[in-house]
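**Student:** Have a look at this prediction, sequence included:
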Amino acid sequence: LYPEAPRQALSMLAFAVIGIGALGCVLAGRWGRHIGSAPVAVIALALSGILCLVYPWLQDLPAPLLLAALLVWGFAVIADSAQYSALATQHAPPESVASALAIMNSIGFALTALAISLVSGLWDTLGVYVSWLLLPGPVLGVLAMAPLLRRRA
């Protein structure tokens, strides 16, 4: 956020941005029971993608507004995960649900580890524009969900 901020404060803010994802999962799960997992996942993915896209232009915002944007991103970026699991349990053959969840979660964690490594490694080169490297994930996720949305309509 801001280099002059004390290191401990930045660590706490980073934890808040990550930790709010737990609330995103819980609230998305509750919402998913009312409108369906696919629409909730698409909304979370779209919000996450929009914030990845506009993040470089948010740098001149006052610190509280930039933090609010990062908290929204932290909320949204995790909110779709549980919805994918719910969709897998609904659409996989009953005898394959556990395997489908294991494979899906393994791929998800691997992609997350790769994204963290990529973003961390390229931060010095790209700065805030590194957020654009994360954009394909939400875009591809929304495209992958499109058939489920059409089926529901």
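**Tutor:** Looks like it arrived, so ask away.
**Student:** Does the residue nearest to the spatial centre of the chain lie in a helix or a strand, and which?
**Tutor:** Nearest to the geometric centre of the chain sits V77, at 1.5 Å (Cα atoms, centre = their mean). In the assignment (DSSP states H and E), V77 maps to helix 63-91.
**Student:** That helix: what's the following helix or strand?
**Tutor:** Heading C-terminal from helix 63-91, the first helix or strand you meet, by DSSP H and E, is helix 97-126.
**Student:** Which other helices and strands does that next one contact?
**Tutor:** Packing contacts for helix 97-126, counted by 3 or more Cβ pairs under 8 Å, 6 or more residues apart in numbering; DSSP states H and E, involve helix 63-91. (Glycine included, C-beta is placed from N, CA and C.)
**Student:** got the angle between the helix it packs on and helix 97-126?
**Tutor:** Angle, helix 63-91 to helix 97-126, by axes from the mean of the first three to the mean of the last three Cα atoms, to 10 degrees: 150 degrees.
**Student:** helices or strands next to helix 63-91 in the packing?
**Tutor:** Contact partners of helix 63-91 among helices and strands, from 3+ Cβ pairs under 8 Å, 6+ apart: helix 7-35, helix 37-54, helix 97-126.
**Student:** got the angle between that helix and helix 37-54?
**Tutor:** Between helix 63-91 and helix 37-54, the angle comes out at 150 degrees (the same axes, to 10 degrees).
**Student:** how about helix 63-91: buried residues?
**Tutor:** Applying a neighbour-count criterion of 16 or more other Cβ atoms under 10 Å, one finds 66, 69-88 buried in helix 63-91.
**Student:** can you give me the offset of that helix from its chain's centre?
**Tutor:** Computed by Cα atoms, centre = their mean, to the nearest Å, the chain-centroid distance of helix 63-91 equals 4 Å.
**Student:** Equivalent analysis for stretch 99-115, please.
**Tutor:** Distance of stretch 99-115 from the chain centroid (Cα atoms, centre = their mean) equals 14 Å.
**Student:** Now do that stretch: everything it contacts.
**Tutor:** 81, 84-85, 88-89, 92, 133-134, 137 (Cβ atoms under 8 Å, 6 or more residues apart in numbering).
**Student:** related to what we said a few turns ago, between the helix holding V77 and helix 7-35, how big is the angle?
**Tutor:** 40 degrees.
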